[in-house]
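**Student:** show me how the following folds:
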Amino acid sequence: MASSNMTDKQTSVQIISAVGSNVVGRQREIELVVAALVAGRHMLLEGPPGTGKSTLLRAVAQSLSVGFAFVEGNAELTPARLIGHFDPARVLSDGYTPDVFVDGPLVTALREGSLLYVEEINRIPEETLNVLITVMSEGEITVPRLGKVVGANGFRLVAAMNPFDAVGTARISSAVYDRVCRVAMTYQSLQDECAIVDRHLKNNKVGVQPDAAWVANVVEIVRRTRTHPDLRVGSSVRGAIDTALVASSLAEVRSSKNISASVGLDSALVAISGRVRIREGSVRSAEDVVAEIWNDVFGTKARDESAGKAGAPTGATTSN
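**Tutor:** Numbering: from 1, shown residues only. Model prediction:
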């Protein structure tokens, strides 16, 4: 396996500090990921959507000053798309020469000593996964008619995966787990998720800006979707981010100087209802559940002087 190409001037402490400036919380996970990569290990982050797996890995790659080859894991990711291919038109004129080969993300990462980031690794076909298993073991790959491509110093596989029971996922074989260091990532604390929403609001200064108490309530609503008895799948912090941003904009659209109850609820219905999944057997709609949680957290039936009743599960309200 290729050894690390981390510069001597970059200590692990400096790298961790740099990553921490771009990632909210996750101190333990940052330390573990950096330590594993500096030690020359491959890395797997496992957790539900919206827990910051991609954000953390991108921040680590940036702080390590190494390349970052991105691969989206899905059923269409064939070995040829991962490895690369010979350009058919040029093969006809030049034959199977090395300069006719079009590098895929795997070969690019091997040649450059980059991080190969595979998102949702448990969605890719088994034959493609077997290619990665070989590369993790040998640090190289042999491509027919091209020859052997040996990984340069610094090459690592870093992968993320959702829980097995998520739609479209498959179980990862023990052969993969035996070749990676694994970090399980769960949802962050209320304080960290509020800080994440606040960061997005500051980076998107449009419309009416909500106060900290309102943001905390919206984050609490999203967190309650994860344990609600009528919901099989709850929302990630992205639901809170979008609720805050849409509410900020919607308040301005409705010529409101603050985020009223109806503006907030309508924004939550738009931002959260599509992210949750109703449990089998329940007769309720996602909008109904979101409205219930909203009213419980905010202690209101979502009425204001300008918009009348809001919160009907069939859609957003409009101002009079």
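
**Student:** which residues in the stretch 1-150 of the chain form helices?
**Tutor:** 12-20, 27-38, 53-64, 79-83, 88-94, 105-112, 126-138 (DSSP state H, counting those that start in this stretch).

**Student:** what's in contact with the fifth one?
**Tutor:** For helix 88-94, the surrounding residues in contact (Cβ atoms under 8 Å, 6 or more residues apart in numbering) are residue 100. C-beta coordinates here come from the backbone N, C-alpha and C atoms, glycine included.

**Student:** for the chain, just list every one of the strands.
**Tutor:** 43-46, 68-72, 84-86, 101-103, 115-119, 140-143, 147-150, 156-161, 181-184, 231-233, 277-278, 303-304, 308-309 (DSSP state E).

**Student:** now the fifth one against strand 68-72, angle please.
**Tutor:** Between the axis of strand 115-119 and that of strand 68-72 there is an angle of 20 degrees, by axes from the mean of the first three to the mean of the last three Cα atoms, to 10 degrees.

**Student:** strand 115-119 pairs with which strands, and in what direction?
**Tutor:** strand 68-72 (parallel), strand 156-161 (parallel) (DSSP bridges).

**Student:** for those strands, which one sits closest to residue 40?
**Tutor:** strand 156-161 (7.6 Å; Cβ to Cβ).

**Student:** how distant is the closest one from the center of its chain?
**Tutor:** 12 Å (Cα atoms, centre = their mean, to the nearest Å).

**Student:** do the same with stretch 137-155
**Tutor:** With Cα atoms, centre = their mean as the basis, the mean position of stretch 137-155 lies at 28 Å from the chain mean.

**Student:** can you dump the C-alpha atoms of that stretch in PDB for me?
**Tutor:** Extracted as PDB, the C-alpha positions of stretch 137-155 are listed here (Å, rounded to 0.1, in the frame of the first residue of the first chain):
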ATOM      1  CA  SER A 137      -5.400  -4.600  -1.000                       C
ATOM      2  CA  GLU A 138      -2.700  -4.100  -3.600                       C
ATOM      3  CA  GLY A 139      -2.500  -0.400  -4.000                       C
ATOM      4  CA  GLU A 140      -2.500  -0.900  -7.800                       C
ATOM      5  CA  ILE A 141      -4.700  -2.100 -10.700                       C
ATOM      6  CA  THR A 142      -4.000  -3.900 -13.900                       C
ATOM      7  CA  VAL A 143      -6.000  -2.700 -16.900                       C
ATOM      8  CA  PRO A 144      -6.200  -4.900 -20.000                       C
ATOM      9  CA  ARG A 145      -4.200  -3.500 -22.900                       C
ATOM     10  CA  LEU A 146      -3.000  -0.600 -20.700                       C
ATOM     11  CA  GLY A 147      -1.000  -2.500 -18.000                       C
ATOM     12  CA  LYS A 148      -0.400  -1.900 -14.400                       C
ATOM     13  CA  VAL A 149      -1.200   1.400 -12.700                       C
ATOM     14  CA  VAL A 150       0.500   1.700  -9.300                       C
ATOM     15  CA  GLY A 151      -0.900   4.100  -6.700                       C
ATOM     16  CA  ALA A 152       1.300   7.100  -6.000                       C
ATOM     17  CA  ASN A 153       2.100   8.100  -2.500                       C
ATOM     18  CA  GLY A 154      -1.000   9.400  -0.700                       C
ATOM     19  CA  PHE A 155      -3.600   7.400  -2.500                       C
END
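
**Student:** returning to that earlier point: and the strands of the chain, which one's lowest on average pLDDT?
**Tutor:** Across the strands of the chain, strand 308-309 has the smallest mean pLDDT, namely a mean of 40.

**Student:** domain map for this protein?
**Tutor:** 12-184, 190-309 (automatic domain parsing).

**Student:** these: lowest mean pLDDT?
**Tutor:** domain 12-184 (a mean of 85).

**Student:** hmm, back to that, ok, which of the helices of the stretch 1-150 of the chain comes nearest residue 253?
**Tutor:** helix 53-64 (29.7 Å).

**Student:** how far away is residue 150 from residue 111?
**Tutor:** 9 Å (Cβ to Cβ, to the nearest Å).

**Student:** likewise residue 259?
**Tutor:** For residue 259, the distance to residue 111 (Cβ to Cβ) stands at 51 Å.

**Student:** same question for residue 273.
**Tutor:** 45 Å.

**Student:** so if I had to pick from those two, which one is more boxed in?
**Tutor:** Shown here are residue 273 and residue 111; by other Cβ atoms under 10 Å, residue 273 has more neighbours (20 against 15).

**Student:** spatially central residue in this structure, please.
**Tutor:** Centroid-nearest residue in the chain: residue 54, 4.5 Å away (criterion: Cα atoms, centre = their mean).

**Student:** what residues does that one make contact with?
**Tutor:** Contacts of residue 54 (Cβ under 8 Å, 6+ apart): 117, 119, 160.

**Student:** neighbours of the last one, just the number please.
**Tutor:** Think residue 160. When neighbours are counted by other Cβ under 10 Å, residue 160 registers 24.
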